[in-house]
Each structure stands twice: as structure tokens, then as C-alpha cells.
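Enquirer: How does the following fold in three dimensions:
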Amino acid sequence: MPDWLEVVLRTEFAIITLFVLTRLLGKRQVSQLSLFEYINGISLGGLAVYISLHREAKWYLGFVSLSVWILMSLGIEYLQLKSKTARNWIDSKETIVIKNGKILENNLKKERITSDELLEQLRKKNIFKTSDVEFAIIEPNGEINALVKNEHQPLTAAHLGIRVKPEQEPQTVIMDGAIMDEPLARTGMNREWLHTELEKLGVTIENVFLGQVDSYGEFHADLFDDRITVPEPQQRASLLAQLKKCEADLEMFGLSTNNEPIKQMYLQCSKKLEKMISDLKPLLIQ
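Expert: Residues are numbered from 1 along each chain as shown. The predicted structure follows:
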């Protein structure tokens, strides 16, 4: 067998074996790496290269070595799942670096993190003053997470005591100019409704690169031709405007009549509708 062909075959076998064995380790191996996973990844890659290029070595011994590495990794990950002590020893523990707006310099030195690196990590989270941080910790994978003090956190519906409808996953109903029937059925809509929405936008299915339906039942489209601007859905804004008009009409009817019982009925209905609009407004504002 020619040398180049042997190298090609050994490399293909190494890649396939490495891929299959790495899949056994799960997605955690390809996300944020811990210290052990970092060492493990380098070692597995080195072994795969050794199998590919060292023709004088017996090829099956390299695969045995790869298998042992994977089995050891699986054993250690199983131990980590079962034991908090093992997790702390293998991956180490998180370290607090900021507490009550004060930087803990000794902990920074312990983790060998400079002040520039700390500030860089905070800026990635839109935090530019350490005094705004309630506390920050370095995770075992080296990432810094921070909790901003309450007075510096953005105002949310929860702070205002407003209950909002939970967002559902948008469903992709058109992809590359083709209708996706299964996601469309999950929205409770059909093809006739979809064609109607496309007619409102003045486009055809063939011109739609991606079409999605959000949790409010509104259709959003991205076209192949980026020069064409697609108007945003206005159903919620239109409904809010109609409700406000009804409220104004009820109030006007109440003020225009001299019949006291009817006047009170209109005004009471107007107040009830006003309260309903206030409750629905967070859902109807785009």
C-alpha cells in the first residue's frame, strides 16, 4: 500500500473514532471547558494525530489508547455527577471577586486574574463600574458572572407588579421559500391564513427567505431581497387603538345624554373598559 494512502486511511479512521468517542462525552465537552476537559481535549487530539502519521506504530494501539482516555473521562464525569467533593476537586470551586461593590484583591491574585481582565469581563456584561456590582464570582470554567445592585438593575414588569403573558417559541413556517406545515399546524393556523398574511405584505412565498409566527399569532417575514422593507405587524397596535376609541365613545355617550341611569351605565362601562385597557396594555404595546 502506498504511504500516502495509508496515511489517508489512518486519518479517516482516527477522525471517525474520535468523533464517535467524543459524542459519548456529551455536549458539555464542546461548550465551556473545565480544566480537566481542556486537558482531555488536547490529549485526544494529540492521540488522533499520532495514529494518523506514525506509520511505524501499530494502528490499533492508538485506538486502544483513545478508548482508554474516553472511558476514563466517562468515569470521571460520572464521579462528578455523584459527588460534590469530586466536582470541587476536579473542576475547582467558584471564587467571589467582588462583594458589596468592593473588589477582593486577594481572591483575584489567587485566581491570577488582573484588574484589566476583571474589567473586561464586566464590560462584556454592560457593567462599567465595579461599585454597581452586588457581587461577582469566577466560575470553574473561568467565566466571571456578576449581579448588579438592585438600584442599578433595569426596570421590569415584575418591579411594577405587572403580570405579562409568557413568551412562546416562535414557529418557523416558511424557510427558503417553502411552507413548513408542521410548525404552521403548531401555531393553530393553516395555509389559507398564511397566504392572507403574505397578501397583506404584498409578497409571494417564493420571495420569503424566512417566515415566523410569534406567540401573539403575528407573522414576520424576511425576504431574499434585502432592499425591500417589510412592514411590521400592526394587529396589536390596531386593537389597542380600537379599544381606546370604544372607551372614548362610551364616555361621550354618557356625557351627551340627560337620562341619569343611562348616563351612569355608559360611564361605568367606560371605566371598566379603561381598566381592561390598562391590564392589556403591556401585551398590546409593540
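Enquirer: Low-confidence ranges, the chain, go.
Expert: Where the chain drops to pLDDT under 70, the residues are 1-63, 65-66, 87-88, 90-91, 157, 159-160, 162, 164-165, 231-238, 282-286.
Enquirer: all helices of it, in order?
Expert: Remark: helices assigned in the chain by DSSP state H are 3-24, 35-53, 59-82, 84-91, 105-110, 115-124, 181-186, 191-201, 235-256, 260-284.
Enquirer: my guess is residue 197 contacts residue 212, does it?
Expert: No - using CB atoms under 8 Å, residue 197 is not in contact with residue 212; the gap is 11.2 Å. Bear in mind the C-beta positions are built from the backbone N, C-alpha and C, glycine included.
Enquirer: Could you pull out the residues contacting both of those two?
Expert: Taking CB atoms under 8 Å, 6 or more residues apart in numbering as the criterion, residue 197 and residue 212 both touch residue 219.
Enquirer: State the distance from residue 252 to residue 74.
Expert: 74 Å (CB to CB, to the nearest Å).
Enquirer: Please apply the same query to residue 166.
Expert: 37 Å.
Enquirer: So which of the two has more stuff around it?
Expert: Neighbour tally, residue 166 and residue 74, criterion other CB atoms under 10 Å: the higher count belongs to residue 74, 14 against 6.
Enquirer: Distance of the more buried one relative to residue 81?
Expert: In terms of CB to CB, residue 74 sits 11 Å off from residue 81.
Enquirer: mind checking how far residue 120 is from residue 167?
Expert: Distance from residue 120 to residue 167, by CB to CB: 32 Å.
Enquirer: Then residue 113?
Expert: 36 Å.
Enquirer: Check residue 121 too.
Expert: Counting by CB to CB - residue 121 and residue 167 are separated by 29 Å.
Enquirer: Name the nearest residue to residue 119, sequence neighbours excluded.
Expert: residue 130 (7.7 Å; CB to CB, 6 or more residues apart in numbering).
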